[in-house]
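Peer 1: Fold the following, please.
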Amino acid sequence: MQLKFTNASRSQFFVTVRQRVDAYFKENKLSPHANRAMWTKASFFLGGYLLLYGLILSNQFGPWTMLIMAIGLGLFAAFIGFNVSHDAIHGAFSSRSWVNRLLGSSFYLIGANPYVWKISHNVVHHTYTNIPGHDEDIEIAPGLIRVDLDEPSRPWQRFQHWYAFPLYSLASLSWVFRKDFLKFFSGKIGQHDNSKHPFKEYFILFGTKAAYYFFFLVLPYLVLDLNGWQLAFGFVIMHLIEGLVLGLVFQLAHVVEGTSFPVPIKGVGIEESWAVHQLRTTANFAPRSAVAAFFCGGLNRQIEHHLFPKICHIHYPAITEIVKQTAQDFDLPYLENQSFFSALHSHYRLLKKLGQPSDASVA
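Peer 2: Take a look at the predicted model:
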């Protein structure tokens with residue numbers, strides 16, 4: 001059953017903040033899409049990724065050096081996902097749809113499918129953020145990690161604040177071998193009808209996955225002076241690093257103290273406007289850190305991203321104060337942790353709390 005955001009009287013917040021943000025771009029004669037700095041950053045991450053891959057395949061280095069480069073490749077893969085693919089798939093990188101499609105194809109470089117991601121992320125996650133049973137992005141490892149108080153607690157979950165982080169490392173491997181197939185062939189993603197796909201997407205899914213397996217498993221096996229176990233070890237380490245980075249950035253934006261996980265009233269309604277719902281379910285971290293902004297693709301300012309997903313993240317630092325001030329004007333929450341590590345600690349504490357038995361966690 002499709003959910004509705006029912007409190008239309010609170011929607012004036014979004015009307016106001018959108019007017020103020022639009023005015024900022026108009027007064028400064030700026031495009032909300034990528035600027036020169038953004039293109040430079042995208043070129044850096046794409047170029048670095050291809051350079052590392054080429055150096056590994058050159059077979060000019062020893063196993064330990066190649067392992068270090070594989071770790072770097074995993075990091076650059078995550079940064080491409082944050083900085084290039086994510087903006088492009090949202091249509092935020094360029095005003096030209098073909099440019100967004102082309103850059104969105106960079107998702108194939110990390111073994112992921114942009115079509116499936118667009119459904120599960122752009123449509124479902126951005127609409128039903130943190131709503132149990134609808135937003136599958138918060139279902140990190142069902143049965144192992146508990147983030148919903150209405151979900152029965154299990155004895156082992158009292159230790160989830162310890163074992164959650166190694167599980168995050170598996171996110172990328174799951175994405176490459178399991179997640180895209182599972183979601184593509186699921187009749188629903190959350191409560192969203194996912195039963196019909198364009199015929200070409202079947203060929204694209206299987207073709208690009210096969211290409212990824214060839215370029216990252218078969219071709220290295222053919223050209224590198226490595227044993228099979230050494231190649232497999234490097235591939236797994238690359239994805240463990242990539243998965244940990246991807247997993248942590250998402251969790252620090254939605255699963256920290258203060259964020260809510262609203263339960264629909266009678267299964268069909270959320271007593272907030274959509275924009276206010278985003279404020280209550282999303283948090284920023286390290287908002288003043290240029291380093292975090294550079295590597296995380298603006299996803300450390302997740303509030304701005306959820307409210308304005310079609311604005312390129314290179315502009316988030318400029319519009320952050322506009323969004324924050326407007327939230328204060330309407331007496332609405334604006335959640336943020338001042339550093340990456342304070343957000344990490346907050347996530348740890350929340351996992352610990354939610355891992356307790358049901359009666360204890362409610363108390």
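
Peer 1: and residue 265, how many neighbours?
Peer 2: Neighbour count of residue 265, defined by other Cβ atoms under 10 Å: 11. All C-beta atoms are positioned from the backbone trio N, CA, C, and that covers glycine.

Peer 1: Could I get the pLDDT score of residue 170?
Peer 2: With respect to pLDDT, residue 170 has a value of 93.

Peer 1: Tell me which stretches of the stretch 201-350 of the chain form helices.
Peer 2: Taking DSSP state H, counting those that start in this stretch as the criterion, the stretch 201-350 of the chain carries its helices at 219-223, 228-254, 274-281, 290-296, 302-307, 316-329, 340-354.

Peer 1: so of those helices, which one's packed in deepest?
Peer 2: Of all the helices of the stretch 201-350 of the chain, helix 302-307 carries the top mean neighbour count, a mean of 24, counting by mean count of other Cβ atoms under 10 Å.

Peer 1: circling back: so which of the helices of the stretch 201-350 of the chain is nearest residue 26?
Peer 2: When the helices of the stretch 201-350 of the chain are compared by Cβ to Cβ, helix 316-329 sits nearest residue 26, at 12.8 Å.

Peer 1: who does that closest one touch, helix- and strand-wise?
Peer 2: Under the contact criterion of 3 or more Cβ pairs under 8 Å, 6 or more residues apart in numbering; DSSP states H and E, helix 316-329 touches helix 12-27, helix 302-307.

Peer 1: CSV for the helices of the stretch 201-350 of the chain, including distance to residue 95 and mean pLDDT?
Peer 2: Formatted as CSV, the helices of the stretch 201-350 of the chain follow (distance: least, Cβ to Cβ, whole Å; pLDDT from 0 to 100):
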stretch, distance to residue 95, mean pLDDT
helix 219-223, 37, 96
helix 228-254, 27, 94
helix 274-281, 24, 93
helix 290-296, 23, 93
helix 302-307, 18, 96
helix 316-329, 18, 96
helix 340-354, 32, 94
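
Peer 1: Could you list which residues are in contact with the residue positioned nearest the centre of the chain?
Peer 2: In the chain, the C-alpha nearest the mean C-alpha coordinate belongs to residue 250, at 5.0 Å (Cα atoms, centre = their mean). For residue 250, the contact set (Cβ atoms under 8 Å, 6 or more residues apart in numbering) comprises 137, 299.

Peer 1: swap the cut-off to 10 Å and go again
Peer 2: 121, 125, 137-138, 140, 168, 171, 299, 302 (Cβ atoms under 10 Å, 6 or more residues apart in numbering).

Peer 1: Residue 202 now?
Peer 2: Per Cβ under 10 Å, 6+ apart, neighbours of residue 202: 184-185.

Peer 1: quick one: it from residue 113, how far?
Peer 2: Applying Cβ to Cβ, to the nearest Å, the value for residue 202 to residue 113 is 11 Å.

Peer 1: How about residue 199?
Peer 2: 15 Å.

Peer 1: So the two - more neighbours on which side?
Peer 2: Set side by side, residue 199 and residue 113 show more neighbours around residue 113, with 23 against 6, by other Cβ under 10 Å.

Peer 1: So the more buried one sits against residue 182, correct?
Peer 2: No: using Cβ atoms under 10 Å, residue 113 is not in contact with residue 182, being 11.4 Å away.

Peer 1: related to what we said a few turns ago, how near is the residue nearest to the centre of the chain to residue 108?
Peer 2: From residue 250 to residue 108 the distance is 20 Å (Cβ to Cβ).

Peer 1: quick one: the strands in the stretch 1-150 of the chain?
Peer 2: 4-5 (DSSP state E, counting those that start in this stretch).

Peer 1: low-confidence ranges in it?
Peer 2: Low-confidence segments of the stretch 1-150 of the chain (pLDDT under 70): 1-2, 7-10.

Peer 1: can you rerun that using 90?
Peer 2: In the predicted model, the stretch 1-150 of the chain carries pLDDT under 90 at residues 1-12, 123-124, 127-128, 130-150.

Peer 1: Helices of that one, start to end?
Peer 2: Using DSSP H, counting those that start in this stretch, helices in the stretch 1-150 of the chain cover 12-27, 36-57, 63-80, 86-89, 97-104, 114-117, 126-127.

Peer 1: Pick the most buried one from the ones you listed.
Peer 2: Burial of the helices of the stretch 1-150 of the chain is given as mean neighbour count (mean count of other Cβ under 10 Å); helix 86-89 ranks first at a mean of 26.

Peer 1: Quick check: which helices or strands does that helix pack against?
Peer 2: Judged by 3 or more Cβ pairs under 10 Å, 6 or more residues apart in numbering; DSSP states H and E, helix 86-89 is in contact with helix 36-57, helix 97-104, helix 114-117.

Peer 1: what comes into contact with the shortest one?
Peer 2: By Cβ under 10 Å, 6+ apart, the residues outside helix 114-117 that reach it are 81, 85-86, 88-89, 100-101, 103-108, 121-122, 125, 175, 179-184, 186, 189, 194, 197-198, 200-201, 204-205, 208.

Peer 1: hmm, which of those are the buried ones?
Peer 2: 81, 85-86, 88-89, 100, 103-108, 121-122, 125, 175, 179-180, 183-184, 189, 194, 204-205, 208 (16 or more other Cβ atoms under 10 Å).

Peer 1: Nearest to residue 27 among the helices of the stretch 201-350 of the chain would be which one?
Peer 2: Across the helices of the stretch 201-350 of the chain, residue 27 has its closest neighbour in helix 316-329 (11.5 Å, Cβ to Cβ).
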